[in-house]
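A.B. asks: Sharing a sequence plus its predicted fold:
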Amino acid sequence: DGGITQSPKYLFRKEGQNVTLSCEQNLNHDAMYWYRQDPGQGLRLIYYSQIVNDFQKGDIAEGYSVSREKKESFPLTVTSAQKNPTAFYLCASSPQRSYEQYFGPGTRLTVT
Amino acid sequence: QKEVEQNSGPLSVPEGAIASLNCTYSDRGSQSFFWYRQYSGKSPELIMFIYSNGDKEDGRFTAQLNKASQYVSLLIRDSQPSDSATYLCAVVGAGGFKTIFGAGTRLFVKA
């Protein structure tokens, strides 16, 4: 079964802790993306990566970090510097030369 | 700041009717346009894309694009209760790669 997996589905953390969200795809897609979704709002781009070992900041990268060491994996770390980390985090991927995006199931992060 | 605007709704239509969802965008150089459906608590799924002016049909769905008016719409014919969801309009600008999403329109189809 080809697809994008994100884990965990729900994540709870205390303020001040860093947390890493997993995103894996076996679709052989080149581009991968991280978005954040808050209630009643559209998706906001955090980071994206077009190829392995390369990534670019999106519109709201402050307080987040990523790595792209393998084509299949694009983990996102939410650091303690992120002021309002509680949100629904979505990972997506796109095939080469396409802007169609295919989303994973998402991770709901709650920081208290 | 490039923007994508959608009426938040909710848009309520009876079962069997046509639902019309609208979207405007600010970047005149935008080239690629997408509609995603998002059920409550779930992630978005791609349902339509359109690149050229005019209409594109896929089953009960028709996407319409008017680049001169910077307007893209989604028509859902014979609406079903299972179509009840939030529909996100997404636009890729002239520079490529960065997709701007609208906040979405909530659709309710009444049985």
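C.D. replies: Yep, that arrived.
A.B. asks: which residues of chain A fall in strands?
C.D. replies: Ranges of strands in chain A, per DSSP state E, are A:4-7, A:10-13, A:19-25, A:31-37, A:43-51, A:54-57, A:64-66, A:76-78, A:87-94, A:102-103, A:107-111.
A.B. asks: What angle do strand A:31-37 and the fifth one make with each other?
C.D. replies: Which is strand A:43-51. 160 degrees (axes from the mean of the first three to the mean of the last three C-alpha atoms, to 10 degrees).
A.B. asks: What strands line up against strand A:43-51, and which way round?
C.D. replies: Strand pairing for strand A:43-51, determined by DSSP bridges: strand A:31-37 (antiparallel), strand A:54-57 (antiparallel).
A.B. asks: Let me have these in a markdown table, adding mean neighbour count, distance to residue A:3 and mean pLDDT as columns.
C.D. replies: Heads up, the C-betas are built off the backbone N, CA and C, glycines and all. Formatted as a markdown table, those follow (neighbours: other C-beta atoms under 10 Å in any protein chain shown; distance: least, C-beta to C-beta, whole Å; pLDDT from 0 to 100):
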| stretch | mean neighbour count | distance to residue A:3 | mean pLDDT |
| --- | --- | --- | --- |
| strand A:31-37 | 24 | 13 | 96 |
| strand A:54-57 | 14 | 22 | 96 |
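A.B. asks: Show me which residues of chain A sit near chain B.
C.D. replies: Residues of chain A found near chain B (C-beta under 8 Å from any C-beta of the partner chain) are A:31, A:33, A:35, A:40-45, A:48, A:50, A:58, A:90, A:99-106.
A.B. asks: Write a ChimeraX command that selects only the buried members of the residues you listed.
C.D. replies: Applying 16 or more other C-beta atoms under 10 Å in any protein chain shown to the residues of chain A next to chain B, the buried members can be selected in ChimeraX as follows:
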select /A:31,33,35,42,43,44,45,48,50,58,90,99,100,101,102,103,104,106
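A.B. asks: Please tell me how far the residue nearest to residue A:71 when sequence neighbours are not counted sits from residue B:58.
C.D. replies: Leaving aside its sequence neighbours, residue A:71 sits nearest to residue A:52 (C-beta to C-beta, 6 or more residues apart in numbering or on different chains; 5.4 Å). Distance of residue A:52 to residue B:58, given as C-beta to C-beta, to the nearest Å: 33 Å.
A.B. asks: Now do the helix or strand of chain B at the bottom of the mean pLDDT ranking: which elements does it pack against?
C.D. replies: Within chain B, confidence by mean pLDDT, DSSP states H and E is lowest for strand B:99-101 among all helices and strands, at a mean of 92. Judged by 3 or more C-beta pairs under 8 Å, 6 or more residues apart in numbering or on different chains; DSSP states H and E, the packing partners of strand B:99-101 are strand A:43-51, strand B:85-92.
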